[in-house]
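Peer 1: take this sequence and fold it.
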Amino acid sequence: MSAPKRRNAPAIVNHLVAFEAAARLGSFRAAADELHVTPGAVAQQVRTLEDKLGRPLFERLPRGLRPNRDGADYLTRVRLALDIIEDATGELLERDSQRDPRQILLSTTPAFASRWLIPRLGLLAQAHPQVALMIDASDSTRPLSGKGAVDLAVRWGTPPFADAYALPLLPGLAVPVCAPALRGERPWRQAADLAQQPLISDSHNNWTRWFDHYALPGMRFSGPVFSQTILAIEAAEQGMGIALVPRLLVANALKAGTLVLALEGHELHSDAGFHLLADHAPQAGSAAEQVVRWLQAQANKQD
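Peer 2: Okay, here's the model as predicted:
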């Protein structure tokens, strides 16, 4: 079945753009300023649309406009249609201006980028000097396909990951850590000893699960709370308390002595961990595959 002919498509799109802008901004003048046309041109576009539909779409107020019932219902669908057109156009333009295939955009969390990935980037440059790895460090999840997509992502979570090619990268073993000076003040020997100390929390709420695991359910504790794991780690290094964080993120700090284990042998195991995600399996020999293999090799060296 052939697609219907749309001889007047450009004109109707112009009418819809003017209608949406006027409805959103509440006046023909504001819409005209946004669209870089005259208020009369916007008003004419809207009147033409109303004539085509055989009904008014606005209540004309002494100071501005307001969509009437039909206009409000119509506006919802028009906005959806315009968003689809804008997204399709953006994706097409992105396709025409694709990055150099040797450039790989990787999205991950600030903690993983700062504490695990960045200290190893020199090794990537040595192994694959032709690859340019660009890092987007944010707790916001970037899409793996479509508008604003990244090539690869390293994220914390538990499989399966919907609509993604996923590889396990690093386990989620968490350990309690603190500054050496804080650890030296008291000989902590059991889990209950830590409840009396300031415990640093992040968005993962690991301490509640840690006390449950060590047969201390409902244990009350207090201390600073941060939205990001990287901030919790930095607070622990500053002596503000004890943080319970993935060991892989503090391995270098433990080696350097800026952090120490607050309590030996009291890890918290988790089904979650860091995983490597992509829209599909990287093509053999591509820059993306080289980065994937390098990340896996580095993960296998993790203590």
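Peer 1: what segments of the stretch 151-300 of the chain are strands?
Peer 2: 152-157, 165-171, 174-178, 199-200, 242-246, 260-261, 273-278 (DSSP state E, counting those that start in this stretch).
Peer 1: wait, which of these is closest to Val42?
Peer 2: Nearest of the strands of the stretch 151-300 of the chain to Val42, taken as Cβ to Cβ: strand 152-157 at 42.4 Å. Using the backbone N, CA and C atoms, a C-beta is placed for each residue, glycine as well.
Peer 1: just checking: what are the partner strands of that closest one?
Peer 2: Here strand 152-157 has these sheet partners by DSSP bridges: strand 103-108 (parallel), strand 273-278 (antiparallel).
Peer 1: touching, Met240 and Pro198? I think so.
Peer 2: Yes. At 6.6 Å, Met240 counts as touching Pro198 under the criterion of Cβ atoms under 8 Å.
Peer 1: which residues do these two both contact?
Peer 2: Gly223, Pro224 (Cβ atoms under 8 Å, 6 or more residues apart in numbering).
Peer 1: excluding chain neighbours, what is closest to Asn206?
Peer 2: Using Cβ to Cβ, 6 or more residues apart in numbering and skipping residues adjacent in sequence, the residue nearest Asn206 is Leu244, 4.2 Å away.
Peer 1: and the gap between that neighbour and Gln197?
Peer 2: To Gln197, Leu244 is 12 Å away according to Cβ to Cβ, to the nearest Å.
Peer 1: do the same with Pro39
Peer 2: In this view, Pro39 and Gln197 are 66 Å apart by Cβ to Cβ.
Peer 1: check Ser270 too.
Peer 2: Plainly put, Ser270 is 22 Å away from Gln197 if you go by Cβ to Cβ.
Peer 1: with neighbour numbers in mind, choose between the two.
Peer 2: The residue with more neighbours, out of Ser270 and Gln197, is Gln197; 20 against 16, by other Cβ atoms under 10 Å.
Peer 1: buried sites along the helix or strand of the chain with the lowest mean pLDDT?
Peer 2: Scoring the helices and strands of the chain by mean pLDDT, DSSP states H and E places helix 69-96 at the bottom, with a mean of 82. Residues Gly71, Tyr74, Leu75, Val78, Leu82 are the ones in helix 69-96 that count as buried (16 or more other Cβ atoms under 10 Å).
Peer 1: same check, this time on stretch 23-37
Peer 2: Neighbour-count burial for stretch 23-37 flags Ala23, Leu25, Gly26, Ser27, Phe28, Ala30, Ala31, Ala32, Leu35, Val37 (criterion: 16+ other Cβ under 10 Å).
Peer 1: I appreciate the help and will end here.
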